[in-house]
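Q: Sharing a sequence plus its predicted fold:
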There are 2 protein chains.
Amino acid sequence: MPRPVRLYNHSQAPNPRRVRIFAAEKGIELSLEDVDVLAGQSRTPEFLAKNSSGGVPVLELDDGSYLSESVAICRFLEGLHPEPNLLGRDLREQAEIEMWNRRMELELFAAIGRTIQNTSPIFQGRFKQFPDYGEAQRIVVYQRRASAAASSRALTN
Amino acid sequence: MPRPVRLYNHSQAPNPRRVRIFAAEKGIELSLEDVDVLAGQSRTPEFLAKNSSGGVPVLELDDGSYLSESVAICRFLEGLHPEPNLLGRDLREQAEIEMWNRRMELELFAAIGRTIQNTSPIFQGRFKQFPDYGEAQRIVVYQRRASAAASSRALTN
């Protein structure tokens, strides 16, 4: 199985951070190479050859291949370093973790992204913003956060 | 390992369809129970006890537990019925499939969803629509579809 060479990274973006947290929990030291996404470094022909979606994180492997998408990278790291187990020990547990992971992504993280992309000055000029839509998504985020907190209390009581 | 009892389903929604396609490819016959999502049947207290997110698909298992999120259900079915293999035979292949699956979901399927939710009469009154945002997302869908087709041609040439 190929081994990681380096992780193409951005210090402030949430997706590479997710991989860094996952690796840190497992005690894996990844060699980081920062990519200045805001300056367009992830959209150069050279970088698009590594990840045609033009984003970070990207994991470079020692067989010359590349792997992108934060959760795909985490799954690969879990297979290389099974302990401490983070994605489930048996099939039922793996399915349960997949379910909660996706709920947090699709219901909460994606709505946070839509809020920030449509309201933050960071994204002005990068693509057309719809501030009214962004503010409506901000309300969705707060509603879902409250709902997730209530579910979490119900689970732990 | 618990076994499937039934799949709570909606004949027109894309997410349960994804599970039905996955099961059909494996030759698994799932007992389907249709839920009238548009009439609010997935938001009743009884249904929310099965899936607090209030949607379909939900897989009921014979130990009395429930599993939601289409990809979590597919992963569970893959574990119960490994052949024909759909999610990868080794770690590198599993990671590659996870990557492409997520690209199609996050870049294409999610943009299609945002287009329809903000422009289709089906969703009028279910939540506030932002038609200008929806039309901008429609353009994103066409751009990404063209880009995915070009990548696909590059892969197969």
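A: Looks like it arrived, so ask away.
Q: What's the local residue count around A:Pro14?
A: Neighbouring residues of A:Pro14 were enumerated by other Cβ atoms under 10 Å in any protein chain shown; the total is 12. Where C-beta positions appear, they are placed from N, C-alpha and C, glycine not excepted.
Q: swap in A:Tyr142?
A: Around A:Tyr142 sit 11 other residues, with neighbours defined as other Cβ under 10 Å.
Q: Which secondary structure elements does the helix or strand bottoming out on mean pLDDT in chain A sit against?
A: Least confident helix or strand, chain A: helix A:131-156 with a mean of 88, by mean pLDDT, DSSP states H and E. The elements that helix A:131-156 packs onto, with contact taken as 3 or more Cβ pairs under 8 Å, 6 or more residues apart in numbering or on different chains; DSSP states H and E, are helix A:110-119.
Q: One more pass at 10 Å, please.
A: helix A:91-103, helix A:110-119, helix B:131-156 (3 or more Cβ pairs under 10 Å, 6 or more residues apart in numbering or on different chains; DSSP states H and E).
Q: B:Glu78 is nearest to which of the ones you listed?
A: helix A:91-103 (8.8 Å; Cβ to Cβ).
Q: and the angle from the least confident helix or strand of chain A to helix A:110-119?
A: Taking axes from the mean of the first three to the mean of the last three Cα atoms, to 10 degrees, helix A:131-156 and helix A:110-119 form an angle of 160 degrees between their directions.
Q: Which positions in helix A:131-156 come out as buried?
A: Burial within helix A:131-156, assessed by neighbour count using 16 or more other Cβ atoms under 10 Å in any protein chain shown, is assigned to A:Tyr133, A:Gly134, A:Ala136, A:Gln137, A:Arg138, A:Val140, A:Val141, A:Arg144, A:Ala148.
Q: Is chain B within reach of the lengthiest strand in chain A?
A: Of all segments of type strand in chain A, defined using DSSP state E, the longest is strand A:4-9. No. Remark: strand A:4-9 sits outside contact range of chain B, by Cβ under 10 Å from any Cβ of the partner chain, the gap being at least 11.5 Å.
Q: List the contacts of that strand.
A: The set of residues that contact strand A:4-9 without belonging to it, under Cβ atoms under 10 Å, 6 or more residues apart in numbering or on different chains, is A:15-17, A:19-20, A:23, A:28-35, A:37, A:41-42, A:47, A:50-51, A:55-64, A:66-68, A:73, A:76-77, A:80.
Q: check those against chain B, which are close?
A: A:Asn51, A:Gly55, A:Leu59, A:Leu61, A:Asp63, A:Tyr66, A:Leu67, A:Ser68, A:Ile73, A:Phe76, A:Leu77, A:Leu80.
Q: Low-confidence ranges, chain A, go.
A: A:155, A:157 (pLDDT under 70).
Q: Domain ranges for it, per the record?
A: Listed by automatic domain parsing, the domain ranges of chain A are A:4-80, A:91-156.
Q: Please identify the deepest-packed of those domains.
A: For those, ranked by mean neighbour count under the definition mean count of other Cβ atoms under 10 Å in any protein chain shown, the leader is domain A:4-80 at a mean of 17.
Q: Just the endpoints, please. Distance across it?
A: Distance across domain A:4-80, first residue to last, is 10 Å (Cα to Cα, to the nearest Å).
Q: Now find how far off-centre that domain is within its chain.
A: Taking Cα atoms, centre = their mean, to the nearest Å, one finds the center of domain A:4-80 at 10 Å from the center of the full chain.
Q: A:Gly79 reaches A:Leu86, doesn't it?
A: No. Look at A:Gly79 against A:Leu86 with Cβ atoms under 10 Å: they stay out of range, at 11.3 Å.
Q: circling back: could you dump the helices and strands packed on helix A:131-156 into a markdown table with distance to A:Arg153 added?
A: Supplementary listing: the helices and strands packed on helix A:131-156 in a markdown table, determined by distance: least, Cβ to Cβ, whole Å:
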| stretch | distance to A:Arg153 |
| --- | --- |
| helix A:91-103 | 15 |
| helix A:110-119 | 21 |
| helix B:131-156 | 34 |
